[in-house]
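Colleague: here's my sequence, what's the structure:
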Amino acid sequence: MDARRLSVVVASPTLAQGIDLACSVLIFRSLRRYENEEWVPISAAEFANVVGRAGRAFVDLDGIAVLPTFDAKSRSQHHAIFNDLIAESRGQRLLSGLAQVIWQIGKELRQKLNVREDAFLEYVLNHHDFWADTGLIGEGGSADDDDKVEDSLEQHIADLDVALFSLIEPLDTEVENIATALDEVLKDSLWKRTLVHLPDAQRDLEHALLTSRAEWLWRFSTMKQREACFYSGLGRKPGLFIYEQLDTLVDVLCALQAAVAAVDGDAAADAVVQFAQLVMPEPFFSVRKLPDNWEGALAGWVKGTAFSELLSGRKARDAQRMQAFIQDGVVFRLVWAAEAARVQAIKTDHPRQGELGDGPAFVLTYGVPTIPAALLCQMGFASRVGAVWVTRQLTASFTDTDGLHEWLRENDAFLSDPDFWGSDDHHLMWTHAAAPSGGEYPQPWSHKSQDVSVKWNNSVPQQGTLTRIIPGTGRTVTVCGLDISPLGTAQLPFNPHGAALDGRVASGGKVQVHYFGPGG
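Modeller: Numbers count the residues shown, from 1 in each chain. Below is the predicted model:
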């Protein structure tokens, strides 16, 4: 960003943590997050922090923040949330996310260490290795409240570690220079501006906790370990958990990638379960309450088993845990673990890095055993079962979006035919996925050709004869000579309206119709 080489930045919600990054236009993907097994709007304070990134100083008169909505059914709801957040965030002072994380860590550490508030600063200054206390994080009590505090503290410390690995450059900075490096990088930051408004004691505690954690991290990690955490976007504990068993994880991911490439659903499911068993002992990569027989459910998810079947026979509480396990534990946490292991393998020049690929992330995210089915789900096809079925019926082997578009063009006649689909629901979902809703933006035009049977009025014209195709009602067309004299009629496998059409008599009395118009 400092070199002004990036015109677009795709950021996670950590943008709200007060990173010194500004832009002319901010585009929200969503205004909600998944918490406590439900989707809830972000807070007004977080919204204000994010919106505060819009508008470059001395360049823009105003910053622009927009929320695109493409689903007409939910548009009014999204706009209502957007307008409410705008109204609620007015007058709120921007607060550094880094400052809030550090303050929360301090609050929870005092509770865990049983130290008085007025004595906590001295404790931090005089106990440099209290971060190594295994009683702070890890095995705790079984009470739900204790569990929540433990989870919260561990997550906040991981967030602070990620910030420190990102702030301190280079990563081989000597420990004795850490405090100076932090002062330099944060001198004009939102963190510094936030601390100005705090009481002296709280400001001193923020500085002490930040410096203490950074120096402890650097004393008890190597540069390669810090790089592994930095590149995988993980704090010290989950980052080193991946790093220390990287060889084993890479072997399993290579087996999973090979199974996906070979379209072997059973082998892919076995590899996914094995991978989960390896990484889920680290709480960062698991949900606290696992559903019954989670291994079987995970295998079924990867094979493309209908979600209703995965929930079948489960009681209400276990069904809720199953949904949370898939949405949070698999689609988010296991995908992060797989990608973290892949990134660490690449950055450490692992000998098997060339065998890794995006197959694990695809099958875990979309719950299908093949990349073609995953790409169909990615383009908006809402049925995992349907995606697996249609890619098998029409022998799909593409591995990227270019191949997907080519496959769509080649099979348009089948995909557009309601009789092709084995389920009316799948056909309905396909029509929604295959065409943008509402016609709110231009569709790209494409070429396609199709041999169609013709009901000729008289004798069949000579092969190679040029014809003109005149659309009628629905998909019915009239095949005409160049002088527009009717020669016959035909039914097209695609919508002929709004496109350029011409034809040429092919063998067997058919006409090869050339189409140039909207649609992929």
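Colleague: from now on I want contacts and neighbour counts done on CA atoms only, so please keep to that.
Modeller: OK.
Colleague: quick one: low-confidence parts of the protein?
Modeller: Within the chain, the segments meeting pLDDT under 70 span 1-6, 12-22, 34-38, 49, 52-62, 90-94, 133-151, 435-444, 498, 519-520.
Colleague: could you list the domains of it?
Modeller: Following automatic domain parsing, the chain resolves into domains at 13-89, 97-220, 244-366, 371-439, 445-518.
Colleague: those domains: which one's closest to Ser7?
Modeller: domain 13-89 (8.9 Å; Cα to Cα).
Colleague: ranges for the helices of the stretch 351-500 of the chain?
Modeller: Per DSSP state H, counting those that start in this stretch, the stretch 351-500 of the chain carries helices over the ranges 359-366, 371-378, 384-393, 401-410, 412-415, 424-434.
Colleague: against which helices or strands is the second one packed?
Modeller: In other words, helix 371-378. The helices and strands touching helix 371-378, judged by 3 or more Cα pairs under 8 Å, 6 or more residues apart in numbering; DSSP states H and E, are helix 359-366, helix 384-393, helix 401-410.
Colleague: can I get the helices of the stretch 351-500 of the chain in TSV with mean neighbour count?
Modeller: Formatted as TSV, those follow (neighbours: other Cα atoms under 10 Å):
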stretch	mean neighbour count
helix 359-366	24
helix 371-378	24
helix 384-393	19
helix 401-410	15
helix 412-415	17
helix 424-434	16
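Colleague: which one of the ones you listed lies closest to Val477?
Modeller: Shortest distance between Val477 and the helices of the stretch 351-500 of the chain, using Cα to Cα, is found for helix 412-415: 15.8 Å.
Colleague: run through who's touching the closest one.
Modeller: Here helix 412-415 makes contact (Cα atoms under 8 Å, 6 or more residues apart in numbering) with Leu408, Phe420, Trp421, Pro493, Phe494.
Colleague: leaving out chain neighbours, which residue sits closest to the second one?
Modeller: Leaving out its chain neighbours, the residue that sits closest to Phe420 by Cα to Cα, 6 or more residues apart in numbering is Phe414, at 5.9 Å.
Colleague: kindly report the same for the third one.
Modeller: Spatial nearest neighbour of Trp421, chain neighbours left out: His427 (5.9 Å); criterion: Cα to Cα, 6+ apart.
Colleague: any idea how far Gln155 is from the one you found?
Modeller: 43 Å (Cα to Cα, to the nearest Å).
Colleague: please apply the same query to His497.
Modeller: His497 is 56 Å from Gln155, by Cα to Cα.
Colleague: what bridges to Val25?
Modeller: In this entry, Val25 is beta-bridged to Ile64, by DSSP bridges.
Colleague: who wins for neighbours among the contacts of helix 412-415?
Modeller: Greatest neighbour count in the contacts of helix 412-415, by other Cα atoms under 10 Å, goes to Trp421: 19 neighbours.
Colleague: pretty sure that one contacts Met429?
Modeller: No: contact status for Trp421 versus Met429: not in contact, 10.8 Å apart, counting by Cα atoms under 8 Å.
Colleague: residue contacts, Leu67?
Modeller: Leu67 touches Ile27, Phe28, Arg29, Ser30, His79, Phe82, counting by Cα under 8 Å, 6+ apart.
Colleague: now the two most distant members of those.
Modeller: Checking those with Cα to Cα, the most distant pair is Ile27 and His79, at 13.7 Å.
Colleague: got the contacts of helix 412-415 as CSV, with distance to Val505 columns?
Modeller: Below are the contacts of helix 412-415 laid out as CSV (distance: Cα to Cα, whole Å):
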residue, distance to Val505
Leu408, 25
Phe420, 26
Trp421, 30
Pro493, 17
Phe494, 19
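Colleague: how about Gln257: what's its closest non-neighbour residue?
Modeller: Take Gln257 and drop its neighbours on the chain: the residue closest to it by Cα to Cα, 6+ apart is Gly359, 5.3 Å away.
Colleague: so what's Ala158 up against?
Modeller: Counting by Cα under 8 Å, 6+ apart, Ala158 touches Leu234, Gly235, Arg236, Lys237, Pro238.
Colleague: and the fourth one, which helix or strand is it part of?
Modeller: What that stands for is Lys237. helix 236-244 (DSSP states H and E).
Colleague: doesn't Val385 make contact with Thr305?
Modeller: Yes: between Thr305 and Val385 a contact is recorded at 6.6 Å, counting by Cα under 8 Å.
Colleague: for the contacts of Leu67, pick the one with the most neighbours.
Modeller: Among the contacts of Leu67, Phe82 has the most neighbours (other Cα under 10 Å), with 19 neighbours.
Colleague: packing partners for whatever helix or strand that one lives in?
Modeller: Assigned by DSSP H and E, Phe82 belongs to helix 75-89. Judged by 3+ Cα pairs under 8 Å, 6+ apart, helix 75-89 is in contact with helix 44-51.
Colleague: measure the closest residue in space to Ser89 that isn't next to it in sequence to Ile86 for me?
Modeller: Spatial nearest neighbour of Ser89, excluding adjacent residues (Cα to Cα, 6+ apart): Ala44 at 4.9 Å. Ala44 sits 8 Å away from Ile86, going by Cα to Cα.
Colleague: for Val343, same thing?
Modeller: 38 Å.
Colleague: these two: who's more crowded?
Modeller: Val343 (19 against 14).
Colleague: the closest residue to Val477 other than its chain neighbours: neighbouring residues, count only.
Modeller: If you skip the residues right next to it in sequence, Val477 has Pro471 as its closest partner in space, 4.3 Å away by Cα to Cα, 6+ apart. Neighbourhood size, Pro471 [other Cα under 10 Å]: 21.
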